[in-house]
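[1] from the sequence below, what's the structure:
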Amino acid sequence: MNWRSAVAAIFGVVLSMAFAPQSRAEGGAGPEAMSMGNMCMVMFGYDMIHITVFQPDKSRSEYCDEIPATGRTIMAFDIENPAFRDLPLELRIIRDPLTPVLPTGEKELDALTELHLPAKKYSKGTFSVEHNFANNGHYIGLVTLTRESGQQETAQFKFMVGETLWAWVPQIAGTILIAGIVFVYWKHTHPSGGKKKEATDLAAS
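    Got it, this is the predicted structure:
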């Protein structure tokens, strides 16, 4: 019974890891990026810039870190802190090389850049950008804020356009782990020694 209980507990944990909705926090140390529902945000300290994504040619839905298809895409940015409206903001969207990109040189970013908006003040507190994504894949948005002192801070938000193989990695890994647990459990409950004993008994008779 202890063996069966352990297998059942591991089975539940694997299922929850493989199929449960993910709540992401990106960026590591420094300015963070996260998602809540269908609304993404980048954070500079406790101050937020909200990001909402639309694909008006395909549906009326709002998206965040999973954009379902390529094509015309609109990203709307809402600057939460009024003080940020007097500070230059720069936006750059790059193809995700799946390796750390911050800090890095300007030339390396240029090679990966999909879209770039130079630093600008947005006095109305909102702005939007339209881009036609031609390829499925993983992307990173880099939002750079220049403080009054001249110091620059960059926050990043990651998102995916279209379905890619990486989107299925958690499910594939979970399936493999579950299959392994079931196999080990079956081997434990059906030892080969029993078959050998039966064969020996038949031979003796």
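
[2] what kind of secondary structure is residue 182 in?
    Look at residue 182: counting by DSSP: H, G, I helix; E, B strand; the rest coil, its state is helix.

[3] should've said residue 122
    What three-state DSSP gives for residue 122 is coil.

[4] which stretches of this protein form helices?
    Applying DSSP state H to the chain gives helices spanning 2-19, 106-112, 169-189, 192-204.

[5] what mean pLDDT does the first one have?
    Translated: helix 2-19. Averaged over helix 2-19, pLDDT sits at 51.

[6] ok, residue 44 touching residue 146?
    No: with contact defined as C-beta atoms under 8 Å, residue 44 does not count as touching residue 146 (11.1 Å). Every residue, glycine included, has its C-beta placed from N, CA and C.

[7] for stretch 82-89, buried residues please.
    84, 87, 89 (16 or more other C-beta atoms under 10 Å).

[8] for this protein, where's the lowest mean pLDDT among helices and strands?
    Least confident helix or strand of the chain, by mean pLDDT, DSSP states H and E, is strand 25-26 with a mean of 35.

[9] please say which of residue 44 and residue 146 ends up with more neighbours.
    Between residue 44 and residue 146, counting by other C-beta atoms under 10 Å, residue 44 is the more crowded of the two (20 against 15).

[10] let me know the pLDDT of that one.
    Residue 44 is assigned a predicted lDDT (pLDDT) of 93.

[11] over to the one 10 residues further on?
    Looking at residue 54, its pLDDT stands at 93.

[12] also residue 204?
    Predicted confidence (pLDDT) for residue 204: 57.

[13] again, but for residue 180
    As predicted, residue 180 sits at a pLDDT of 72.

[14] if we can go back for a sec, got the buried residues of stretch 82-89 as CSV, with distance to residue 159 columns?
    Listed next are these as CSV, based on distance: C-beta to C-beta, whole Å:
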residue, distance to residue 159
84, 22
87, 24
89, 18
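
[15] looking at those residues, which one is closest to residue 51?
    Distance ranking of those against residue 51, using C-beta to C-beta, places residue 89 first at 12.2 Å.

[16] any idea how far residue 64 is from that closest one?
    20 Å (C-beta to C-beta, to the nearest Å).

[17] now do residue 154
    20 Å.

[18] equivalent analysis for residue 129, please.
    Using C-beta to C-beta, one obtains 16 Å as the distance from residue 129 to residue 64.

[19] I figured residue 163 hits residue 136, correct?
    Yes: using C-beta under 8 Å, residue 163 is in contact with residue 136, at 6.9 Å.

[20] perfect, I'm done here.
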